[in-house]
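S.K.: Sequence below, structure please.
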Amino acid sequence: MSERRERAVMKDVPNVSAPPPLPAADDFKLPTARGILSREEIQALLRPDLPKINSGADDGADFQRDFDKQTDNADEREGQKIAARFSRAFGQHAGLKAAVSLASVSSFKSKSALSRHTTDEAGAAFAVFCDEEGDVTHVVCLSGALNDQLIANACGALSFDHADTSARALSVIDCALIEQFMAPFGTLLGKGLSLVGIEMDPAYVMSLLSSESGTRYEMDVRVGASESHAALWSLSDDRLSEVAQLAPPHPAERRGTALLTARIATLNVPVSRVASLRAGDTLLLGLPADQPVELLSGGRDGAVSFEGDIGRKGDRIAVRVRRCA
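M.R.: Now for the predicted structure:
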């Protein structure tokens, strides 16, 4: 075949030649429009949300978790659940389409601190709930405006858009009617809770409380264009803490020390790379920032016992256990 004929034939034949050999993995480079990306830069692009640990003193501050604030978040989540349950209960048991939303959550350490949040508002009432042992553990505070809405709705009111905002004193019949509405709320607040009654004297209600401390949930209630207010006092059980403090240690109890090692990740680095490390260099772990930390029992070569989240407790680094391995 002539050289001219060979060029014509090869022009129509696809390129089936072997690809050019790539360099070794340690020296792999990726050509781009702006130049060459190193292997570390490629890994950084694959994990763009990794915290910048060594770039500055303030970098990575958003990643730190303050465990001291997690209790407050748990109380807020619980308050939102309670508000949703109240909305459903007002609709199902009182026939009042009330939109209940959580306004604030706070804790109290004494009855005197709690009494500062009570008022002598006309028409206000307290729904008192007790547990199976007869101790008062929950109190629902109903504003005068909310009680008027409950009673007016039971009497066949068609609209609350132009309702009179001035509440009136409750009669015995009014209290009996509100008691029927609030009795089913016990099952929403906790297992084995039942309604004791509807009270209007704040001082008497304070004398019924079984504990000095607890959590107070303030809630806004909207019915149509009318707004009112409600609150829940959830008392903590002081008896459990007292028993724990007074109970002597078990005679057969033996003290010991358990060694737990927190392992964020494992990384294989060539000796040449380790020898060239300097202050400020970053080693990419290839893991997202929220990757759980493994807790090993028996040293760094021990078995994985727990998984947890790394964060901060005061001025110390801490790990909150998420689940058992």
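
S.K.: ok, now which ones touch residue 155?
M.R.: Counting by CB atoms under 8 Å, 6 or more residues apart in numbering, residue 155 touches no other residue. Any C-beta I mention is one placed from the backbone N, CA and C, and that applies to glycine too.

S.K.: Where does pLDDT dip in the stretch 51-200 of the chain?
M.R.: For the stretch 51-200 of the chain, the stretches flagged by pLDDT under 70 are 51-72, 157-167.

S.K.: in it, which spans are helices?
M.R.: 70-93, 111-115, 144-154, 172-182, 186-189 (DSSP state H, counting those that start in this stretch).

S.K.: now the first one against helix 144-154, angle please.
M.R.: With axes from the mean of the first three to the mean of the last three CA atoms, to 10 degrees as the basis, helix 70-93 and helix 144-154 are set at 30 degrees to each other.

S.K.: So which residues make contact with helix 70-93?
M.R.: Here helix 70-93 has contacts from 96-102, 105, 107, 181, 183-185, 188-189, 215, 217, 219, 221, 230, 232, 320, using CB under 8 Å, 6+ apart.

S.K.: From those, list just the buried residues.
M.R.: Among the contacts of helix 70-93, the ones that count as buried by 16 or more other CB atoms under 10 Å are 96, 98, 100, 102, 105, 181, 183, 185, 188-189, 215, 217, 219, 221, 230, 232.

S.K.: What is the nearest of the residues you listed to residue 266?
M.R.: Relative to residue 266, the closest of the buried ones among the contacts of helix 70-93 is residue 105; by CB to CB it sits at 41.5 Å.

S.K.: Surely the closest one and residue 219 touch.
M.R.: No - contact between residue 105 and residue 219 fails when scored by CB atoms under 8 Å: they sit 10.0 Å apart.

S.K.: So which bits of the strand or helix carrying residue 231 are buried?
M.R.: Element membership of residue 231, judged by DSSP states H and E, is strand 226-235. By neighbour count on 16+ other CB under 10 Å, the buried set for strand 226-235 is 226, 228-235.

S.K.: from those, which is closest to residue 315?
M.R.: residue 234 (31.6 Å).

S.K.: any idea how far residue 196 is from the closest one?
M.R.: Going from residue 234 to residue 196 by CB to CB, to the nearest Å gives 15 Å.

S.K.: Can you identify each of the strands in this structure by residue range?
M.R.: Applying DSSP state E to the chain gives strands spanning 30-32, 35-37, 99-108, 125-130, 136-142, 194-199, 214-223, 226-235, 260-263, 293-297, 303-313, 316-324.

S.K.: Adding distance to residue 80, write the ones you listed out as TSV.
M.R.: Output for those, formatted as TSV (distance: least, CB to CB, whole Å):
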stretch	distance to residue 80
strand 30-32	48
strand 35-37	46
strand 99-108	5
strand 125-130	20
strand 136-142	17
strand 194-199	23
strand 214-223	9
strand 226-235	12
strand 260-263	33
strand 293-297	29
strand 303-313	22
strand 316-324	22
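
S.K.: which stretch among those strands comes nearest residue 281?
M.R.: strand 35-37 (18.1 Å).

S.K.: Tell me what the residue lying closest to residue 305 once chain neighbours are set aside is bridged to.
M.R.: Among residues not flanking residue 305 along the chain, residue 297 sits closest, at 4.4 Å (CB to CB, 6 or more residues apart in numbering). Beta-bridge partners of residue 297, counted by DSSP bridges, are residue 260, residue 303.

S.K.: List the residues that contact residue 297.
M.R.: Contacts of residue 297 by CB under 8 Å, 6+ apart are 258-261, 303, 305.

S.K.: Read off the pLDDT value for residue 206.
M.R.: Per-residue confidence at residue 206 stands at 91 (pLDDT).

S.K.: That one and residue 137: what is the separation?
M.R.: 14 Å.

S.K.: Looking at these two, which is more packed in?
M.R.: residue 137 (22 against 15; other CB atoms under 10 Å).

S.K.: these two touch, right, the more buried one and residue 233?
M.R.: No - in this structure, residue 137 is not within contact of residue 233 by CB under 8 Å, at 9.1 Å.

S.K.: what stretches of the stretch 201-325 of the chain score poorly on pLDDT?
M.R.: In the stretch 201-325 of the chain, residues with pLDDT under 70: 238-257, 286, 289-290, 325.

S.K.: rewinding a little: closest one to residue 271 out of the contacts of residue 297, please.
M.R.: When the contacts of residue 297 are compared against residue 271 (criterion: CB to CB), the nearest one is residue 261, at 23.6 Å.

S.K.: what's the closest non-adjacent residue to the closest one?
M.R.: residue 296 (4.4 Å).

S.K.: what about the one you found, neighbour count?
M.R.: 18.
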